[in-house]
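S.K.: coords please:
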Amino acid sequence: MTSRTAVLYARVSSREQREEGFSIEAQVKLLRAAALKDGIKIVREFVEVESAKAAGRKQFAEMVTFFKRNRTCRILLVEKTDRLYRNHRDALTLEDLDIQIHFVKENETLSKDAKSQIKFMHDIRLAMARNYSENLREEVKKGMSEKASQGTYPGRAPFGYRNNTAARTIEIHPEKGAIAQRVFEMYASGRYSLSALSKKLRDVAGTSISKTNLHKMLTNPFYIGRFEWGGQTYQGTQPCLISPELYVQAQAVLHGHNRPKYSKHDMAFRGMLTCAYDNCAVTAELKKNKYVYYRCTGHRGPCALPRFTEQEISERLGHVLQDVCIPEEVVRSIDASLQGVHVQMRNQSAQERARLERELATLQSRMDAAYTDKLTAKSQENSGSASRPIGRPKNSGSGR
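M.R.: Here you go, the predicted structure:
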């Protein structure tokens with residue numbers, strides 16, 4: 001007699017659930033024991049860490065494909081209804097396969113020929129599972145909206161910040177925060193396009209940020225203490241990374257109609273000057289691939305500002321700077337401030353390194369414990385096999 005074959009399916013909603021004790025291993029152990037008890041041979045096991053509230057799970061889809069290609073296997077073993085699905089689309093998908101679904105913990109088997117009472121109870125459990133997901137979603141949205149109204153961003157912090165899960169706050173990242181601040185400063189200067197800025201960051205800071213993500217950063221009010229959530233703008237409790245003036249300047253460069261055209265030639269004062277006559281930007285032009293001239297963009301109409309060369313503006317600014325003298329006490333104050341910032345950044349880096357080392361040690365401890373448990377289980381399995389008596393081998397020849 002040919003033994004019946006089945007597929008095993010186990011699932012948890014998230015990795016957090018898996019780590020907190022909602023173990024897939026426990027489900028697999030239960031289903032294997034049920035298969036052994038009923039004389040069923042498990043030919044495939046599908047294990048998934050994903051929510052079941054919506055269709056589209058990878059392992060679920062692979063299981064459906066397996067059933068379609070293997071017509072001799074018509075049994076599915078699963079712990080209970082909400083481990084298999086929480087939506088009607090997946091339920092109908094399995095119903096169309098014409099298979100038997102054994103809900104081991106619920107002690108029921110669902111099939112096309114099952115009694116109406118079994119189908120009715122299954123539909124109730126499916127409705128309850130779906131309602132649980134919908135209610136959970138509503139509660140999460142309500143909680144996140146309340147969190148936002150209190151000034152705490154309820155999502156993942158953008159580049160330059162980090163989520164402090166212990167204190168439930170958002171703080172500036174020691175290294176990435178300085179890079180994000182530099183992004184605003186460089187772009188607000190008007191000397192970089194998004195492409196050029198992305199390349200510059202990759203070459204200088206070793207940080208890869210795409211044009212799209214740079215645009216998101218530059219338009220995100222999170223860096224000046226505000227954030228948008230659910231179509232509303234809130235005043236956040238996170239520290240400001242840049243000044244409002246720098247943010248406005250970056251927006252002007254990003255959305256301005258009179259932004260200068262970027263070229264490979266390095267123009268010293270491009271994006272740094274404003275016309276004294278009409279407050280338009282002063283743009284730079286390269287003539288004969290050699291000479292650089294500055295002029296008003298004329299965005300507000302004809303302007304009386306004459307054209308002047310880069311050499312002329314260098315000389316004029318040079319005369320201004322010659323008369324600038326920084327007092328010795330100011331120099332000492334700046335030096336002390338810079339040293340203080342350096343010490344603060346070094347301390348923050350040390351704290352971050354210590355935190356990461358603690359997390360690494362915790363992960364290593366978990367891995368060692370899991371490995372020890374596996375070795376113990378394997379050892380017990382081997383010792384159990386060794387203790388079983390070995391039968392006398394059959395004599396292939398005729399006895400005398």
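
S.K.: How far away from the center of its chain is stretch 171-187?
M.R.: Computed by C-alpha atoms, centre = their mean, to the nearest Å, the chain-centroid distance of stretch 171-187 equals 19 Å.

S.K.: which residues touch it?
M.R.: Contacts to stretch 171-187, defined as C-beta atoms under 8 Å, 6 or more residues apart in numbering, come from residues 159-162, 164, 192, 194, 197, 200-201, 205, 207, 209, 214, 217-218, 223, 238-239, 241-242, 246-247, 250, 253-254, 345, 348-349, 352. Where you see a C-beta, it was placed from the backbone N, CA and C, and this is true even at glycine.

S.K.: Kindly export stretch 183-195 (C-alpha atoms) in PDB.
M.R.: Once non-C-alpha atoms are left out, stretch 183-195 reads as follows in PDB (Å, rounded to 0.1, in the frame of the first residue of the first chain):
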ATOM      1  CA  VAL A 183      24.700  67.600   2.000                       C
ATOM      2  CA  PHE A 184      22.600  70.700   2.700                       C
ATOM      3  CA  GLU A 185      25.600  73.000   2.900                       C
ATOM      4  CA  MET A 186      27.100  71.800  -0.400                       C
ATOM      5  CA  TYR A 187      23.800  71.900  -2.300                       C
ATOM      6  CA  ALA A 188      22.700  75.300  -0.900                       C
ATOM      7  CA  SER A 189      26.000  76.700  -2.300                       C
ATOM      8  CA  GLY A 190      24.600  76.300  -5.800                       C
ATOM      9  CA  ARG A 191      27.800  74.700  -7.000                       C
ATOM     10  CA  TYR A 192      26.500  71.100  -7.300                       C
ATOM     11  CA  SER A 193      23.700  69.400  -9.200                       C
ATOM     12  CA  LEU A 194      22.200  66.300  -7.600                       C
ATOM     13  CA  SER A 195      24.300  64.100  -9.800                       C
END
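
S.K.: now that stretch: mean pLDDT?
M.R.: Stretch 183-195 shows a mean pLDDT of 89.

S.K.: Could you do stretch 6-21 as well?
M.R.: For stretch 6-21, the mean per-residue pLDDT is 72.

S.K.: can you give me the helices in the stretch 251-400 of the chain?
M.R.: Taking DSSP state H, counting those that start in this stretch as the criterion, the stretch 251-400 of the chain carries its helices at 310-322, 328-387.

S.K.: quick one: contacts of the shortest one?
M.R.: This points to helix 310-322. Applying C-beta under 8 Å, 6+ apart, the set of residues contacting helix 310-322 from outside is 267-269, 273, 284, 292-294.

S.K.: Restrict it to CA atoms and write it as CSV.
M.R.: Presented in CSV, the C-alpha positions along helix 310-322 are these (Å, rounded to 0.1, in the frame of the first residue of the first chain):
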residue,chain,number,x,y,z
GLU,A,310,36.3,86.3,-12.2
GLN,A,311,39.6,88.1,-11.8
GLU,A,312,37.7,91.4,-11.1
ILE,A,313,35.5,89.9,-8.4
SER,A,314,38.6,88.1,-6.9
GLU,A,315,40.4,91.4,-6.5
ARG,A,316,37.4,93.2,-5.0
LEU,A,317,36.8,90.4,-2.5
GLY,A,318,40.5,90.4,-1.8
HIS,A,319,40.5,94.1,-0.8
VAL,A,320,37.6,93.4,1.6
LEU,A,321,39.3,90.5,3.2
GLN,A,322,42.5,92.4,3.7
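
S.K.: picking that back up, is it possible to mark the buried ones in the contacts of helix 310-322?
M.R.: 267, 269, 273, 284, 292, 294 (16 or more other C-beta atoms under 10 Å).

S.K.: Pass me the low-pLDDT residue ranges in the stretch 101-250 of the chain, would you?
M.R.: Low-confidence segments of the stretch 101-250 of the chain (pLDDT under 70): none present.

S.K.: That one: helices as residue ranges?
M.R.: 116-149, 176-188, 194-204, 211-218, 244-255.

S.K.: ok and the fourth one relative to helix 194-204, angle-wise?
M.R.: It refers to helix 211-218. Here helix 211-218 runs at an angle of 90 degrees relative to helix 194-204 (axes from the mean of the first three to the mean of the last three C-alpha atoms, to 10 degrees).

S.K.: Any idea how far helix 211-218 is from the middle of the chain?
M.R.: With C-alpha atoms, centre = their mean, you get 16 Å for helix 211-218.

S.K.: picking up where we left off before, quick one: closest of the helices of the stretch 101-250 of the chain to residue 279.
M.R.: helix 244-255 (11.4 Å; C-beta to C-beta).

S.K.: Okay, buried residues for that closest one please.
M.R.: Residues of helix 244-255 classed as buried by neighbour count (16+ other C-beta under 10 Å): 246-247, 249-250, 253.

S.K.: Same list, these, but as TSV with distance to residue 288 please.
M.R.: Output for those, formatted as TSV (distance: C-beta to C-beta, whole Å):
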residue	distance to residue 288
246	36
247	39
249	32
250	33
253	28
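
S.K.: ok, back up a step: make CSV from the helices of the stretch 251-400 of the chain and add mean neighbour count, distance to residue 67 and mean pLDDT to it.
M.R.: As requested, those are exported to CSV (neighbours: other C-beta atoms under 10 Å; distance: least, C-beta to C-beta, whole Å; pLDDT from 0 to 100):
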stretch, mean neighbour count, distance to residue 67, mean pLDDT
helix 310-322, 11, 73, 79
helix 328-387, 10, 31, 78
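
S.K.: thinking again about what came up before, any idea which of the buried ones among the contacts of helix 310-322 is closest to residue 5?
M.R.: Checking the buried ones among the contacts of helix 310-322 against residue 5 with C-beta to C-beta, the nearest one is residue 267 at 73.8 Å.

S.K.: Need the mean per-residue confidence for stretch 73-92.
M.R.: Confidence for stretch 73-92, expressed as mean pLDDT, is 93.

S.K.: sorry, that was for stretch 279-290
M.R.: With pLDDT averaged residue by residue, stretch 279-290 scores 79.

S.K.: end to end, how far does that stretch reach?
M.R.: End-to-end distance for stretch 279-290: 28 Å, by C-alpha to C-alpha, to the nearest Å.

S.K.: before we move on, what about stretch 55-74?
M.R.: By C-alpha to C-alpha, the extent of stretch 55-74 from end to end equals 22 Å.

S.K.: buried set for it?
M.R.: For stretch 55-74, using 16+ other C-beta under 10 Å, the buried residues are 57, 59-60, 63-64, 67, 73-74.
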